[in-house]
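**Q** Fold the following and give me the result.
(one chain, ligands or ions: 1)
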Amino acid sequence: MNQPWNLEKITYKVIKENFYNVAVLPIGSIEPHNFHLPYGTDAINAQYVAEKMCEKAFEKGAKVLLLPTIPYSVNDNMREFPFAMNIYQNTLNQIITDLIEPIERAGIRKLLILNGHGGNKFEAWQRSMLNKTKVFIAVMDWWAPANKEEKEIFEGGGFHANEMETSVDLVTVPDLVHLEDADNGETNKTRFDAINKGWVIIAPPWHLLTKNTGWGNPKKGTKEKGEKFLNIVIERGSNFIKELSDAKMDNTFPYEE
Ligand SMILES: [Zn+2]
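**A** Prediction:
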């Protein structure tokens, strides 16, 4: 398979013969996903979507290079569940900060972080990097391009091991999905209306919020829904990568001239 956009699979010779101006860095997570999805769900799906987006963007002419996926993420609020592998946000920020050095030295000035885990928050770090690197840092949750369609395609709601994630896993790793084992993903309300309505934000201790880590009813997940959702995500994401690759980094970048 010829994948000149996939760093993990190509040689130095291919790197020398090609020009790249956008790097894509997927970030996964290793944590329990109700009783029916694998621990690696977020890492598997971030990588799957990143590969599809980069392949498509490359075909459209983007000078994109996919970096290997960081498998671990921020899970300290899931500590009551075994093997919810946690690295702290500061550690994750530092790993990416370190990785930006070789990216920058190789001449790349645009980085898209393809986040696969809702518990990661990069905005404060992005601000702190504005004056520390020449690399433009953009962050996208891999599912975000189809935020609107997500509510139309899936009826089960929720955010973790829900109908959306189940449907996507049925596309990416169908053999690892055990839908018959799933509970219904019901979550507990807090005693505060303000928190339940979402205008006061807390970091929810996952063992108090959920039964078996799932948030959202996964039972109506299907491969067809997963494909429909992924197609929208991949089409929009690859278009953005192409635009990013084509954009000139002049004085007003990323704003209009
Ligand atoms: Zn997940």
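
**Q** closest point of the stretch 101-250 of the chain to the ion, which residue?
**A** Of all residues in the stretch 101-250 of the chain, Glu165 sits closest to the ion, at 5.2 Å by CB to the ion. Just so you know, the C-beta spots here come from the backbone N, C-alpha and C atoms, and that holds for glycine as well.

**Q** Okay, and that residue sits in which element?
**A** Using DSSP states H and E, Glu165 falls within helix 163-172.

**Q** Can I get that helix as PDB, trimmed to CA atoms?
**A** Extracted in PDB, the C-alpha atoms of helix 163-172 (Å, rounded to 0.1, in the frame of the first residue of the first chain):
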ATOM      1  CA  GLU A 163     -24.800   4.900  20.300                       C
ATOM      2  CA  MET A 164     -22.400   7.000  18.300                       C
ATOM      3  CA  GLU A 165     -19.200   5.400  19.600                       C
ATOM      4  CA  THR A 166     -20.800   1.900  19.300                       C
ATOM      5  CA  SER A 167     -21.800   2.500  15.700                       C
ATOM      6  CA  VAL A 168     -18.400   3.800  14.800                       C
ATOM      7  CA  ASP A 169     -16.700   0.800  16.500                       C
ATOM      8  CA  LEU A 170     -19.000  -1.500  14.500                       C
ATOM      9  CA  VAL A 171     -17.300   0.000  11.400                       C
ATOM     10  CA  THR A 172     -13.700   0.100  12.700                       C
END
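
**Q** Now the element after that helix, going C-ward?
**A** Later in the chain than helix 163-172, the nearest helix or strand by DSSP H and E is helix 193-197.

**Q** so where does the closest residue to the ion within the chain fall, helix or strand?
**A** Proximity to the ion, evaluated over the chain using CB to the ion, is greatest for Asp42 at 4.2 Å. Under the criterion of DSSP H and E, Asp42 resides in helix 41-59.
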